[in-house]
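Q: the following block contains a protein sequence and its predicted model.
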Amino acid sequence: MAEHSVQEIREAFQEHLSTQGKHQNTIRSYANDLKQFMQWSRSSFGDAFALAELTRSDVQDYRTFLLTRNSSPASVNRKITALRQFFEYCVAQAIMKENPAADISGISAEPRAPAVLPRKDALLLARTAERNPGPLEAAVILLLLHSGLRSSELCAMTVGDVHLTPREGRVFIKGQRGKTTRFVFLSTRAQNALRQYMRWRGVSVMAKRLRKEPLFITYEGNPLTQQAVDQLVKRVGRSAGLPDITPSMLRNTYASNALQSGKSLDSLARAMGVSSVKTLQKLKEELDDGQER
């Protein structure tokens, strides 16, 4: 198969991932993973890359090659997943007869403790966001940090998902098909940040005609995306002198604080919309070990 044809298939696969709602970071990672596999294939076999000639042994050899390069289990597993999904797409498009990565297993590894911000860094990040001239940064940072929301959940929220009264504040989180899966109570600090943002946004939770509008928009008026949330969090982090901050770190920090305050694993999992408590269990073990030391 000609090189340009493979490139066209890769681009079509990326479009396919986008229509499935995959995060742009995931799409870019998969694209890089496919490129690396093609480079390895050409250097290993000395021939032009040919999809139709790939076998299970080729993918298995590539997996072994990655291990010799001291790649982390998470990195190896993601690369194999990228190949598996790409080949599955090719089979569905009748480009390949079978998926050579279909039954290639991943690398088992002990789950690592999630990255968590120390208390002083979390406070510094929140203060930095609150001092920002615009209200969006504080609302996003404090909702992620104090409520444990996923960035995808934050971006999917509508005006009607917000419930604010003088006595309490909470937001409703939707799952697939727009059904409410849970509600999350907001800290006083998060409520204040959200109220300021909504005043700037010019919307009220009582305005029924606006209830289905996206809650969060950029200063340019576009709906907030996960990529924009990533950039916002990193930007505020750099302003606070905390590089490499991610939305998932803020979610993990919320979980850590909740566990330290005595919240049970099961109740925390329900509050965060987590189906498995394995990661939370690892986080709790790390906290317990730290207390013992």
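A: Nice, thanks for sending it over.

Q: touching stretch 65-77 from outside, list them.
A: 40, 44, 63, 79, 106, 107, 108, 109 (Cβ atoms under 8 Å, 6 or more residues apart in numbering). The way it works is simple: take the backbone N, C-alpha and C, and place the C-beta from them, glycine included.

Q: the second one: which element?
A: The reference is to residue 44. If you go by DSSP states H and E, residue 44 is part of helix 24-45.

Q: could I get the buried residue list for that helix?
A: For helix 24-45, a neighbour-count test (16 or more other Cβ atoms under 10 Å) marks 26, 27, 29, 30, 31, 33, 34, 37, 38, 40, 41 as buried.

Q: isn't residue 233 right up against residue 142?
A: No: counting by Cβ atoms under 8 Å, residue 233 sits too far from residue 142 to count as a contact (11.7 Å).

Q: ok, and the closest non-adjacent residue to residue 91?
A: residue 99 (5.4 Å; Cβ to Cβ, 6 or more residues apart in numbering).

Q: and residue 172, helix, strand or coil?
A: At residue 172 the chain is in strand, as set by DSSP: H, G, I helix; E, B strand; the rest coil.

Q: do you know how far residue 255 is from residue 267?
A: Taking Cβ to Cβ, to the nearest Å as the measure, residue 255 and residue 267 are separated by 12 Å.

Q: likewise for residue 155?
A: 26 Å.

Q: out of the two, which sits in the busier spot?
A: Between residue 155 and residue 267, residue 155 has the larger neighbour count (other Cβ atoms under 10 Å), namely 19 against 10.

Q: quick one: secondary structure of the more buried one?
A: helix.

Q: residue contacts, it?
A: 214, 216, 223, 224, 225, 226, 229.

Q: neighbours around the last one, how many?
A: Which is residue 229. For residue 229, using other Cβ under 10 Å, the count is 21.
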